[in-house]
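**Student:** need the 3D shape of this:
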Amino acid sequence: HLMNEMAVTADHLIVIGRGQLIADCPTHEFIARSSERSVRVAGPDLTRLEQIISAEGGKVTADADGALTVSDLEAPRIGELAAREGLVLHELTPQLASLEEAFMELTRGSVEYGTQAQVAADPNAMPAPAQAGRQ
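**Tutor:** I've put the predicted structure just below:
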């Protein structure tokens, strides 16, 4: 199934892995469970904002376009910090994982077959079966 199609057509997901119920919830809740949440922040004084966010425990990554991606700090808190310091924000956008990213993260330990990297990370995952004609 294509996850993008499922994201726009399904309001509720039931996910089973290795015979165990992993999720039985609305699609938006399933995506929100993913830890791949971040906030995109842009403004004229990102150097000062980065210092403030880091001091509050946020992890900051500079994007190629000059904006910041912040994890471990929610958008309302970032906005409060900027306001307290009198900093102007041009963007403060929460970023959620896609359905596919959330699915991959939340089912990581529940796959029966995996890539060599997954098997190395999870000894309970079996290597994917060899495909016919491939060595």
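**Student:** E101: which element?
**Tutor:** Using DSSP states H and E, E101 sits within helix 99-106.
**Student:** could you pull out the helices for this protein?
**Tutor:** Residue ranges of the helices in the chain, as given by DSSP state H, are 3-9, 27-32, 46-55, 75-84, 99-106, 116-121.
**Student:** low-confidence regions, the protein specifically.
**Tutor:** Low-confidence segments of the chain, defined by pLDDT under 70: 1, 35-36, 111-135.
**Student:** give the contact list for L46.
**Tutor:** Going by Cβ atoms under 8 Å, 6 or more residues apart in numbering, L46 touches 62, 66-68. Backbone N, C-alpha and C define where each C-beta goes, glycine included.
**Student:** contact partners of the helix holding E101?
**Tutor:** For helix 99-106, the surrounding residues in contact (Cβ under 8 Å, 6+ apart) are 3-4, 6-7, 15, 22-23, 27, 30-31, 33-36, 97.
**Student:** narrow those residues to those that are buried.
**Tutor:** Neighbour counting by 16 or more other Cβ atoms under 10 Å classes 7, 15, 22-23, 27, 30-31, 34, 97 among these as buried.
**Student:** domains in the chain, by residue range?
**Tutor:** 3-33+99-126, 38-95 (automatic domain parsing).
**Student:** run the chain-centre distance for the last one.
**Tutor:** Just to be clear, that refers to domain 38-95. 17 Å (Cα atoms, centre = their mean, to the nearest Å).
**Student:** my guess is A23 meets I14, correct?
**Tutor:** Yes - with contact defined as Cβ atoms under 8 Å, A23 reaches I14; the gap is 7.0 Å.
**Student:** what do the two both touch?
**Tutor:** By Cβ under 8 Å, 6+ apart, no residue touches both A23 and I14.
**Student:** before we move on, back to that, most widely separated two among the buried ones among the contacts of helix 99-106?
**Tutor:** Using Cβ to Cβ, the two most remote members of the buried ones among the contacts of helix 99-106 are A7 and I22, lying 17.0 Å apart.
**Student:** still on that earlier bit, by neighbours, which of the contacts of L46 wins?
**Tutor:** Highest neighbour count within the contacts of L46: L68, with 21 neighbours (other Cβ atoms under 10 Å).
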